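Chemist: Build me a model:
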Amino acid sequence: MDVLFLSAIIHAMGTTEKRPVYANAFGAFGYVFLVFSWLWSTLIVGYSSLSTQNITWLIPKNADQPIGTSEPSSLVSGPVAITIGLVVTIFIVLTTLYVFIALPKSIGKRGSTVTRKAASLIVPIVTHHQPLPETRRVFLTSRIIMVLKSIACLLPVTTLLVFPNTTTLSYEVVLICSLFFSLFTVALFTVQYALARLLHIPRELLW
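Modeler: Just a heads-up that it's a prediction; the model follows:
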């Protein structure tokens, strides 16, 4: 029964050429949430340097002077206002679609490129520059990529554990948000590798 169920899932995934797309979709969003995790950690750690006391030089000297008031301009109404509203709405929808479709794909490809380049530099160190069969090299590269992804997921949380919290947020809130990003990233990468194993996707095709 389980074999038939798995066979039905694999058949529903389509041809062999399309199967990496499903797995790499989870990998792409994994890299997106990994970026969020690092941005959150960087923002929390660097909050003290971004406080208003350290960026007063950015505020103009005459910022406290009152600004003269002007008569309110007449608002556009009627069909013109409706047209402008529709254009703005369409623009927001298209931008949202781009963010949710194109941006994860771009981040996923770039993240995969970075991890593969890093793994290719580490492989000779691990093997002591000894030649390896192609299958063994691919297997070792994929394992190193998994380790690099795991380290990248854990480092933001570890950084927040080491550096003091200087924000107005409580330490629990900061840590819970960081754990959410990291654990959700790990979950996405886990689903990616689980699908790759289930659909028999070659390791070199994974992001």
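Chemist: May I ask which helix or strand of this structure has the lowest mean pLDDT?
Modeler: helix 2-12 (a mean of 46; mean pLDDT, DSSP states H and E).
Chemist: And the following helix or strand past that one, what does it pack against?
Modeler: Later in the chain than helix 2-12, the nearest helix or strand by DSSP states H and E is helix 19-45. With contacts defined as 3 or more C-beta pairs under 8 Å, 6 or more residues apart in numbering; DSSP states H and E, the packing partners of helix 19-45 are helix 79-126, helix 134-162, helix 171-198. Glycine gets a C-beta too; all of them are placed from N, C-alpha and C.
Chemist: Contacts only, for the closest residue to residue 159 other than its chain neighbours.
Modeler: Setting aside the residues directly before and after it, residue 159 is nearest to residue 41 in space (C-beta to C-beta, 6 or more residues apart in numbering), at 5.1 Å. Going by C-beta atoms under 8 Å, 6 or more residues apart in numbering, residue 41 touches 155-157, 159-160, 178.
Chemist: which one of the helices and strands packed on helix 19-45 lies closest to residue 23?
Modeler: Nearest of these to residue 23, taken as C-beta to C-beta: helix 171-198 at 4.1 Å.
Chemist: and that closest one with helix 134-162, angle?
Modeler: 170 degrees (axes from the mean of the first three to the mean of the last three C-alpha atoms, to 10 degrees).
Chemist: Excluding residues flanking it in the chain, which one is nearest residue 184?
Modeler: Closest to residue 184 by C-beta to C-beta, 6+ apart is residue 33, at 5.4 Å.
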